[in-house]
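J.: take this sequence and fold it.
(one chain, ligands or ions: 1)
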Amino acid sequence: MKIVILNGPNLNLLGVRERSIYGDQSFSNYLIQLQDQFPQVEFSYFQSNIEGELINQIHEVGFSADGIVFNAGAYTHTSLALADAIAAVKTPVVEVHISNVFKREAVRHHSFIAPVCCGSISGFGMESYRLAVLALLKMSEK
Ligand code: DQA
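T.: Prediction:
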């Protein structure tokens, strides 16, 4: 089972950025824990602050990986192009947010990508990623 974790803009600063919202753990540190919890999964990780690079990555893995866990950061709320990229590929995508976007400013309540993802997980801190992996594993059993 090959799962790609995709992080969008500003998520390279996890552990440093707005810690009261996003916590104090870096993503590279969390990824080690995630790999330990799912030894049967082959994870790969890609982060970019650039919308086009995220689109290219979705195209690149979206016909071969078994699942994509995608935190699109603020592009969630702005990017029809990312939604089109997800719709164009075959691999199922789970939308993830560390914070509960529905508890935050109204501008964060709308997601362009939610309608083309198989589901969305928001508000469980870094655990949101683990829950998304569990969802993809469950889906692959069917
Ligand atoms: C986020 C929520 C977005 O609204 C925000 O722009 C982010 C992170 C989250 O993981 O909670 O960059 O996707």
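
J.: ok, the spatially most central residue of the chain - contacts?
T.: The C-alpha lying nearest the average C-alpha coordinate of the chain belongs to Phe70 (C-alpha atoms, centre = their mean; 2.0 Å). By C-beta atoms under 8 Å, 6 or more residues apart in numbering, Phe70 lies in contact with 6, 8, 58, 86, 93-96, 113, 117. All C-beta spots, glycine's among them, are computed from the backbone N, C-alpha and C.

J.: likewise Tyr45?
T.: Tyr45 makes contacts with 4-5, 7, 27, 31, as judged by C-beta under 8 Å, 6+ apart.

J.: follow-up on the earlier one: so which of the contacts of Phe70 is the closest to Met139?
T.: Nearest to Met139 out of the contacts of Phe70 is Val94 (C-beta to C-beta; 8.8 Å).

J.: verify the contact between the closest one and Ala72 for me.
T.: No - using C-beta atoms under 8 Å, Val94 makes no contact with Ala72, being 11.5 Å away.

J.: which ChimeraX command selects the buried ones in the contacts of Tyr45?
T.: Selecting only the buried entries of the contacts of Tyr45 in ChimeraX, with 16 or more other C-beta atoms under 10 Å as the criterion:
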select :4,5,7,27
